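**Q** Predicted model and sequence follow; I will ask about them next.
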Amino acid sequence: MLGIITARAGSQGVPGKNKALIAGRPMIDYSVAALQAAPSITGILITTDDQDILDFYIGNENILLVERPAELSTSEATSNDVVSHALECWESAGNRLPSEIFLAQPTSPLRDVNDIENACSMFIKSDNESLISCCLAEGMRHPRDMYRVDSTGKSELFIHEQGSGHRRSEYESLYQRNGAIYIVSTEYFLRTNLLRSESPIIYEMPWERSINVDVPGDLLIAKALIESGLVDS
């Protein structure tokens with residue numbers, strides 16, 4: 001299985017987040033280390049337009065570095081197109097296309113080797129085209145506890161219900177995609193240019209390993225969890 005790490009330099013929410021230091025290491029290195037430790041991952045490719053990241057891994061012979069072109073380095077570029085370009089570079093380097101693709105976003109530094117191995121095993125044993133990692137939507141993250149506000153400032157429940165007094169223990173189990181793991185069969189991806197099928201397998205991860213750094217607060221939480229030792233990394 002080929003592990004692909006997508007690390008675009010530009011980020012409006014958290015500038016330079018992929019190389020932000022956590023416990024003295026750039027955030028992307030947590031994803032690299034987890035993939036390197038996973039027996040199911042037989043190759044690693046990093047696609048990036050960030051020269052600092054390219055320089056950081058330039059001496060690592062076990063990683064194929066792909067300098068992402070400008071047209072695939074904008075906020076409008078899709079992960080599908082980035083992965084398609086990465087596969088072309090993988091083949092151009094003399095490698096055979098893998099049967100499966102494991103997409104690891106560097107913004108999920110708490111994804112560990114056990115998550116990778118368990119997700120890979122779950123996917124291989126299935127006959128599905130894709131797998132995504134999720135966490136259970138619990139507590140205030142459940143849609144039943146969410147409100148929307150209209151243009152006049154009036155609020156209403158996101159999910160309309162008759163009556164009141166529903167206990168959280170009665171809420172339907174819902175899963176929130178956390179962005180840590182995407183696995184897709186290469187055949188399906190090449191045929192559809194999609195990283196997710198309509199009904200992917202769900203690999204459940206706990207909330208504390210589901211932090212996906214999109215805003216500054218996410219980075220603070222990830223740093224606190226890792227640097228305190230509360231979550232192994």
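**A** Done, it's in.
**Q** Could you check how many residues crowd around residue 84?
**A** 14 (other CB atoms under 10 Å). Every residue, glycine included, has its C-beta placed from N, CA and C.
**Q** err, residue 58, not the other one
**A** 9.
**Q** Quick one: residues contacting the closest residue to it other than its chain neighbours.
**A** Using CB to CB, 6 or more residues apart in numbering and skipping residues adjacent in sequence, the residue nearest residue 58 is residue 65, 6.9 Å away. Applying CB atoms under 8 Å, 6 or more residues apart in numbering to residue 65 gives the contacts 45-46, 48, 54, 57-58.
**Q** hmm, 10 Å instead?
**A** Contact analysis of residue 65 by CB atoms under 10 Å, 6 or more residues apart in numbering lists 44-48, 53-58, 89.
**Q** what's the answer for residue 102, then?
**A** 1-5, 35, 38, 40-44, 116, 119-120, 123, 131, 181-184.
**Q** ok, the residue nearest to residue 58 to residue 184 distance?
**A** For residue 65, the distance to residue 184 equals 22 Å [CB to CB, to the nearest Å].
**Q** next one: residue 157
**A** 36 Å.
**Q** Just want to know which of these two has more residues nearby.
**A** Legend: neighbour count by other CB under 10 Å for residue 157 and residue 184, higher for residue 184 (26 against 12).
**Q** residue ranges for the helices of the chain, please.
**A** For the chain, applying DSSP state H gives helices covering 28-37, 51-57, 79-92, 113-125, 186-192, 216-228.
**Q** Deepest in the core, which of these is it.
**A** Burial of these is given as mean neighbour count (mean count of other CB atoms under 10 Å); helix 28-37 ranks first at a mean of 21.
**Q** okay, that one in PDB with CA atoms only?
**A** Extracted as PDB, the C-alpha positions of helix 28-37 are listed here (Å, rounded to 0.1, in the frame of the first residue of the first chain):
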ATOM      1  CA  ILE A  28       4.400  16.600   9.100                       C
ATOM      2  CA  ASP A  29       7.000  14.300  10.700                       C
ATOM      3  CA  TYR A  30       4.500  12.700  12.900                       C
ATOM      4  CA  SER A  31       2.600  11.400   9.800                       C
ATOM      5  CA  VAL A  32       5.900  10.300   8.200                       C
ATOM      6  CA  ALA A  33       7.000   8.400  11.300                       C
ATOM      7  CA  ALA A  34       3.700   6.600  11.700                       C
ATOM      8  CA  LEU A  35       3.700   5.500   8.000                       C
ATOM      9  CA  GLN A  36       7.300   4.400   8.300                       C
ATOM     10  CA  ALA A  37       6.500   2.200  11.300                       C
END
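**Q** That helix to helix 113-125, inter-axis angle?
**A** Relative orientation of helix 28-37 versus helix 113-125 (axes from the mean of the first three to the mean of the last three CA atoms, to 10 degrees): 50 degrees.
**Q** helices or strands next to helix 28-37 in the packing?
**A** Applying 3 or more CB pairs under 10 Å, 6 or more residues apart in numbering; DSSP states H and E, one finds that helix 28-37 contacts strand 2-7, strand 21-22, strand 25-26, strand 43-48, helix 51-57, strand 63-67, strand 100-104, helix 113-125.
**Q** For the helix or strand of the chain with the lowest mean pLDDT, which strands pair with it and how are they oriented?
**A** When each helix and strand of the chain is scored by mean pLDDT, DSSP states H and E, strand 155-157 comes last, with a mean of 82. Strand 155-157 sits in its sheet next to strand 147-149 (antiparallel), going by DSSP bridges.
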